[in-house]
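>>> Need the 3D shape of this:
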Amino acid sequence: MSATLKPKKQGKELPVVKKDTRPRRKALKKTPSFRISKVLFPTDFSESSADMLRMVVNFCEKLQADLVVFHAYKIALVDEYMPSAMVDSMLDEGEKAALEKLHELTSGLETSVQIDYQVKMGFTAESISEAANTSGADLIMMGTNGCNSLEDRMFGTVSWNTIKHAEVPVLTIPEGAAVPAFQNIIFPFECTDKDLEIIQFAVEIASLFDSKIHL
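Model prediction:
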């Protein structure tokens, strides 16, 4: 008697999973949205200051942002033998005069923008950066007047030094410039982490003015 042996059933073959050896693209960091709620406007009371202030106020109205008007003042060289009471008096007089000029500069404005005033004795660029930090400003808007003063010629222009040291974006306005329409914004983009943070500022401006960003 003979019997036919049936072949043993094989289990179902599992699919072969191939390892993806392609280089993975680095995940982009999620960047927080940029909100401009307060603008710092440093002024040196030059002839173009009033025109620039109106431009900044219009900008703040569009942003629905508050405005801080700022001036860094200086006093005459203090003699080391000068009584401290006299030094304090000179500082108080300098601060009072600067505040009066700031109020005079804004006296003719008709706007709903909340305006605060700050003055500080010291080098201009350093004082501007400190004022931006203490006031909680998200943006600095300032004019560019070239190397006109001794301080500018020795240490570089105030606007350039402010750009280098400030911890917030700085928007510079050339003297005599018209009110910008912001229809086109050029952004030099290199896809660095820093660029991804900075572009939030450009996106915020573009969304407000319905403008295009060119990378």
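
>>> only C-alpha atoms for contact and neighbour calcs from this point on.
Will do.

>>> now the end-to-end length of stretch 55-74.
Taking Cα to Cα, to the nearest Å as the measure, stretch 55-74 stretches 27 Å from start to finish.

>>> Tell me which residues of it come out buried.
In terms of neighbour count (16 or more other Cα atoms under 10 Å), stretch 55-74 has its buried residues at 55-57, 59-60, 63-74.

>>> right, and Phe120 touches Leu91 too?
Quick fix: residue 120 reads Lys, not Phe. No: applying Cα atoms under 8 Å, one finds Lys120 not in contact with Leu91, separated by 9.7 Å.

>>> Go through the protein and flag its longest helix.
helix 84-106 (DSSP state H).

>>> in that one, what counts as buried?
Buried residues in helix 84-106, counted by 16+ other Cα under 10 Å: 87, 90-91, 94-95, 98-99, 102, 105.

>>> Pick the one among those residues closest to Ala181.
Checking the buried residues of helix 84-106 against Ala181 by Cα to Cα gives Leu105 as the nearest, at 24.5 Å.

>>> Number of residues surrounding the closest residue to that closest one other than its chain neighbours?
Nearest residue to Leu105, sequence neighbours excluded (Cα to Cα, 6 or more residues apart in numbering): Ala50, at 6.6 Å. Ala50 is flanked by 16 other residues according to other Cα atoms under 10 Å.

>>> same check, this time on the one 4 residues further on
A count of nearby residues for Arg54, using other Cα under 10 Å, gives 16.

>>> Identify the residues contacting it.
Applying Cα atoms under 8 Å, 6 or more residues apart in numbering to Arg54 gives the contacts Leu109.

>>> Quick check: which element contains it?
helix 49-63 (DSSP states H and E).

>>> quick one, whichever helix or strand comes after that helix and helix 84-106 angle?
Moving toward the C-terminus from helix 49-63, the next helix or strand (DSSP H and E) is strand 66-73. Counting by axes from the mean of the first three to the mean of the last three Cα atoms, to 10 degrees, strand 66-73 lies at 140 degrees to helix 84-106.

>>> contact partners of strand 66-73?
37-44, 57, 60, 94-95, 98, 102, 113-124, 127-128, 131, 135, 137.

>>> rerun at 6 Å
38-43, 113-121, 124 (Cα atoms under 6 Å, 6 or more residues apart in numbering).

>>> Neighbour-wise, give me the winner out of those.
Leu40 (29 neighbours).

>>> how near is Glu93 to Gly136?
Taking Cα to Cα, one finds Glu93 at 26 Å from Gly136.

>>> Next: Ala202.
In terms of Cα to Cα, Ala202 sits 20 Å off from Gly136.

>>> Make sure Pro65 is actually in contact with Val56.
Just so we're on the same page, residue 65 is Ala rather than Pro. No: judged on Cα atoms under 6 Å, Ala65 makes no contact with Val56 at a distance of 10.5 Å.
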